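A.B. asks: this one's structure only:
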């Protein structure tokens, strides 16, 4: 506020005239055209917008710069964006540089990066250029910036990723690193497992890179052509899948080679599911087909249909899916395979996904394997309103049978919820067990000595779960146990619990029909005719 002390003229230091003219024009007119200006002027204008507190101009200019990025200007734009913490613009620049890494290294703009911006770029795992090219580009930068500490810059090079020939013939003659540093890199390279090296890889967020569009191909297994064609509808006993024989020493498998070394943390794949069979399998990744790291191990679980798998991010070029069990025969069948990196948050416990949404749904490929109902999977269709004396529930005879739900894959589960049939004032008793393979069962809820009705919420110590068995032991009205809805983990809301233990409201179609017939959801054999 120097003008308040009789200073008539205020010099604006480091203020480019063209950019300041643009700012004045916006202040007086409220309008501005950015497309006619050069990138250098736009960056000066962005600097002034930040300096003088015009956030709307910062956002608008950043948005425009995102649309005109090129190999020639992206380094210059990134330098300014990172300086002023313009996160969206910075991230867009990084993604562009990741996808054009080799071209960026040879551009003039790379030599003009500030030290902080330079280290930020080349330190990214997703800046996937050959390490020799990164070393040479950093060497050129050091020559252009002799006043900077070269040791700190060269430490960004991942020397163990370079070959012995490159270390001896390229790195050593440059004299930018000590002989001990080079020897240490050789030692790490020779003693470490290949997959333990800090590789760089291409990162395309939420893009299926296991596709022919990105150069992926199936190099192991039988009937290779079907796996990556994207068709998840047209398959039967004879076609539409890839396969391999299941042998005891797991020598066989289905192997996918990605078009580029890539960062991945998510796999979706469809197991053949035209009947009720289940499979067991594991998935490994590699950079060289010699050293394999297991990222998913479901060899001790029974899985079916769609598999939605998450794991710690890793860089790989090869992915191998090895089936270890098929409940019907000795062949592993895979209909579709997708691989990607996702920014979607997820939580793992002992390698298993901890779901936040209900995974006991038809959409999540869960199914009811035991129990009686008029419609298959009525228990999992999400309808908690439309049920009456005849339909909308799954049941079993007390003293025999049970209601069993199979999830598509193992999840780390710590809660479940179910709705007992409550169209009158009856109450039930029951217990619930869980299993990962239908052989060993563990009880997680014992309500055999209490009377229960309507909504039931059960919490227990989180554990791997594939199968849930609900066994009714008592019904105050008759000899049948009825369950309307099941979910895990518990998705309880305030609306769901309101009035849960009050007298049930009237529901449409409540006409009592003694002896009404029901159908098994598991097979077509004759079943008892149950009634409410």
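C.D. replies: Sure thing, it's come through. Please read all numbers here as calculations on a predicted model, not as lab measurements. Residues are numbered from 1 along each chain as shown.

A.B. asks: Please parse this protein into its domains.
C.D. replies: 15-196, 212-346, 367-520 (automatic domain parsing).

A.B. asks: Columns distance to residue 204 on top of the ones you listed, output as TSV?
C.D. replies: (Each C-beta comes from the backbone N, C-alpha and C, glycine too.) Output for the domains of the chain, formatted as TSV (distance: least, Cβ to Cβ, whole Å):
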stretch	distance to residue 204
domain 15-196	8
domain 212-346	7
domain 367-520	25
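
A.B. asks: Out of these, flag the one nearest residue 7.
C.D. replies: Across the domains of the chain, residue 7 has its closest neighbour in domain 15-196 (17.0 Å, Cβ to Cβ).

A.B. asks: now that closest one: how far from the chain's centre is it?
C.D. replies: Taking Cα atoms, centre = their mean, to the nearest Å, one finds domain 15-196 lying 28 Å from the centre of the chain it belongs to.

A.B. asks: mean confidence for that domain?
C.D. replies: Per-residue pLDDT values over domain 15-196 give a mean of 91.

A.B. asks: tell me how far the ends of that domain are from each other?
C.D. replies: One end of domain 15-196 to the other measures 50 Å (Cα to Cα, to the nearest Å).

A.B. asks: Start the count at 396 instead of 1 going forward.
C.D. replies: I'll keep to 396 as the first residue from here, and by that count the last item is domain 410-591.

A.B. asks: of all the domains of the chain, which lies closest to residue 400?
C.D. replies: Closest approach to residue 400 among the domains of the chain (Cβ to Cβ): domain 410-591, 20.8 Å.

A.B. asks: All the helices of this structure, in order from the start?
C.D. replies: 412-424, 434-446, 450-462, 469-478, 482-494, 496-500, 503-506, 510-517, 526-539, 545-549, 559-561, 567-569, 574-586, 889-892 (DSSP state H).

A.B. asks: Nearest to residue 881, out of these?
C.D. replies: If we rank the helices of the chain by Cβ to Cβ, the stretch that ends up nearest is helix 889-892, at 13.5 Å.

A.B. asks: mind listing what's buried in stretch 770-784?
C.D. replies: 771, 772, 773, 774, 775, 782, 783, 784 (16 or more other Cβ atoms under 10 Å).

A.B. asks: what distance separates that stretch from the centre of its chain?
C.D. replies: 30 Å.

A.B. asks: got the end-to-end distance for that stretch?
C.D. replies: 14 Å.

A.B. asks: just stretch 514-521 next, same as before
C.D. replies: 13 Å.

A.B. asks: thinking again about what came up before, out of the helices of the chain, flag the one nearest residue 627.
C.D. replies: Closest among these, once you apply Cβ to Cβ, is helix 482-494, at 28.1 Å.

A.B. asks: what comes up buried for the closest one?
C.D. replies: Neighbour-count burial for helix 482-494 [16+ other Cβ under 10 Å]: 484, 485, 487, 488, 489, 490, 491, 492, 493.

A.B. asks: what's the answer for stretch 753-764, then?
C.D. replies: 753, 754, 755, 756, 759, 760, 761, 762, 763, 764.

A.B. asks: next one: stretch 564-584
C.D. replies: Of the residues in stretch 564-584, those buried under the neighbour-count criterion (16+ other Cβ under 10 Å) are 565, 566, 571, 572, 576, 577, 580, 583, 584.

A.B. asks: contact partners of that stretch?
C.D. replies: With contact meaning Cβ atoms under 8 Å, 6 or more residues apart in numbering, stretch 564-584 is reached by 527, 530-531, 534, 537, 545-546, 549, 552, 554-555, 557, 559, 562-563, 592.

A.B. asks: for stretch 652-660, same thing?
C.D. replies: Residues outside stretch 652-660 that contact it (Cβ under 8 Å, 6+ apart) are 520-521, 523, 594-599, 604-605, 609-614, 680, 682, 705-714, 734-737.

A.B. asks: Now a PyMOL select for only the buried ones of those residues.
C.D. replies: Remark: buried members of the contacts of stretch 652-660, expressed as a PyMOL selection using 16+ other Cβ under 10 Å:
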select buried, resi 520+521+523+594+595+596+597+598+599+604+605+609+611+613+680+682+705+706+709+710+711+712+713+714+734+735+736
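
A.B. asks: Tell me which of the contacts of stretch 652-660 fall in strands.
C.D. replies: Of the contacts of stretch 652-660, the ones assigned to strands by DSSP state E are 612-614, 680, 705-714, 734-735.

A.B. asks: quick one: which of the buried residues of stretch 770-784 is nearest to residue 506?
C.D. replies: Closest to residue 506, out of all of those and judged by Cβ to Cβ, is residue 775, at 60.2 Å.

A.B. asks: How about the contacts made by that closest one?
C.D. replies: Per Cβ under 8 Å, 6+ apart, neighbours of residue 775: 755, 756, 757, 761, 762, 763, 800, 881.

A.B. asks: same deal with residue 676?
C.D. replies: Contacts of residue 676 (Cβ under 8 Å, 6+ apart): 691, 693, 694, 698, 716, 717, 718, 719, 720, 727.
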